[in-house]
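> Give the three-dimensional model of this entry:
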Amino acid sequence: MKNTLRAALAALAAPLALDLRVRRSQQPLTDIWQELPVARRGATLLGLSLRPRQMAAFGLEPMSTAAELLAYPFQLVRLGAYWRLMEPSPGAFVYDELDRLVELAEQTGKQIILAVGAVKTFGYPEFFAPDFYQAGAFREGTLVRAAQQPHLLEAANRFVTRVVERYRDRRAVIAWQVEHEALDPLGMEHSWRLAEDFVVHEIDAVRAADPTRPVLLNGFLANSTLAAATQWLRTRDQDDSLAGAQRLGDLVGVDYYPRLALFRLGRCSLYLDGSHTPWQQWRRRRLAEAVQAQGRQLLVSEGQAEPWEALTTPPNPQRAAMASCLPEHLITTYNQWLEPGALGNGHLFAYLFWGAEYWVQRRLSGDGRYLAAFRRIVLQE
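Here you go, the predicted model:
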């Protein structure tokens, strides 16, 4: 019995040890990003997500920052409809900010994926249901089911329908995203989850309002043995968002963060990074081939391009960069999906970088490397 237990622990410890890295949290700035090869995108669309709230948190003016980023020569941008902000009181809708972002994207020739929510939308804190519709629906450790929360579901369907109806005549909009990591818990802070039947009702509402465009669902692809095991334990009763996306979506989005900090150890941090292991390479290839075999399209909806440290707001050190995302990581993470043979027989519809607001903050702080690395990729230099 003891030998069996030891063998089981050893089997778990071996891959976990490969995923763990202790690194000095702040790394010296280098110009390695200039020397790395950049994989050719081929027919894959390149783009990014814009987060006005994150811009404001960094002290950036949202519209001028959006205009600066949209001036780069990429093809696709993801915008979000934030329910709490767009319906500040029951039945009163405010579209001004989203209207301006859509117009800016159109003026620069970008195609748009519009995330309509309703409950969850990309960008911290990811939860945007107005207080006056919650009515105790989000109890920890429970599934938010359609039959048990008819008032919330009705309001959510009304919101996504209004958003789709407002923007469905804009030719630049090519897809609607429903929820954000729809079936997963809200980070490690909460344990409630949307039930699949709740999400299906929202998808049906979007398709009823616009049957012509595809629906995107996205999910988190765990980057390590520990992250995968944790994700499975928390979602095993109805599968995780990535599995749900393959069942329910026309487009399957992958949120991919190869390096993330678990906790700080003085000047160092303990990081999870199993992205280069054969197992992770196999998972990416298997996912791409499976999605293609299902007749769906795969995209990286969030490709890590800003630090994921043991803090909510990414640090912005002077004359240094954070180990979880150095400027060269914009290129190496992108290459993991686009280099020849990386996805086997699969194909990537689009690759969206995550963290563009951080790049602008870094430039204003004297470090233009992140933006320059992005420019190398979109210009295929």
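> can you tell me which residue is nearest the centre of the chain?
Nearest to the geometric centre of the chain sits residue 302, at 3.6 Å (Cα atoms, centre = their mean).
> which SS class is that residue?
For residue 302, the assignment made with DSSP: H, G, I helix; E, B strand; the rest coil gives strand.
> Just grab the bridge partners of it for me.
Beta-bridge pairing of residue 302 under DSSP bridges involves residue 255.
> show me what contacts it?
Listed by Cβ atoms under 8 Å, 6 or more residues apart in numbering, the contact set of residue 302 reads 49, 122, 218, 253, 254, 255, 256, 257, 352, 354. Backbone N, C-alpha and C define where each C-beta goes, glycine included.
> switch to 7 Å and redo it
Taking Cβ atoms under 7 Å, 6 or more residues apart in numbering, we find residue 302 in contact with 49, 255, 256, 352, 354.
> Check residue 106 too.
Taking Cβ under 7 Å, 6+ apart, we find residue 106 in contact with 170, 172.
> do you know how far it is from residue 186?
Shown here: residue 106 relative to residue 186, a distance of 32 Å by Cβ to Cβ, to the nearest Å.
> repeat for residue 174
For residue 174, the distance to residue 186 equals 28 Å [Cβ to Cβ].
> Residue 295 now?
Taken as Cβ to Cβ, the span from residue 295 to residue 186 is 31 Å.
> Report the mean per-residue pLDDT for stretch 184-198.
The average pLDDT for stretch 184-198 rounds to 94.
> Just the buried positions in it, please.
Using 16 or more other Cβ atoms under 10 Å as the test for burial, stretch 184-198 gives 184, 185, 186, 193, 194, 195, 196, 198.
> Equivalent analysis for stretch 68-86, please.
68-70, 72, 74, 76-86.
> re earlier: export the contacts of residue 302 to CSV and tack on neighbour count?
Converted to CSV, the contacts of residue 302 look like this (neighbours: other Cβ atoms under 10 Å):
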residue, neighbour count
49, 23
255, 21
256, 21
352, 26
354, 25
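> Just flag the most distant two among the residues you listed.
The distance between the two most remote of the contacts of residue 302 (Cβ to Cβ) is 13.0 Å, for 49 and 256.
> Flag the shaky bits of this structure, pLDDT-wise.
Scanning the chain for pLDDT under 70 picks out the ranges 1-17, 381.
> Verify the contact between residue 143 and residue 196 for me.
No: using Cβ atoms under 7 Å, residue 143 is not in contact with residue 196, being 8.7 Å away.
> re earlier: out of the contacts of residue 302, which comes closest to residue 61?
For the contacts of residue 302, the nearest to residue 61 is residue 49 (18.1 Å; Cβ to Cβ).
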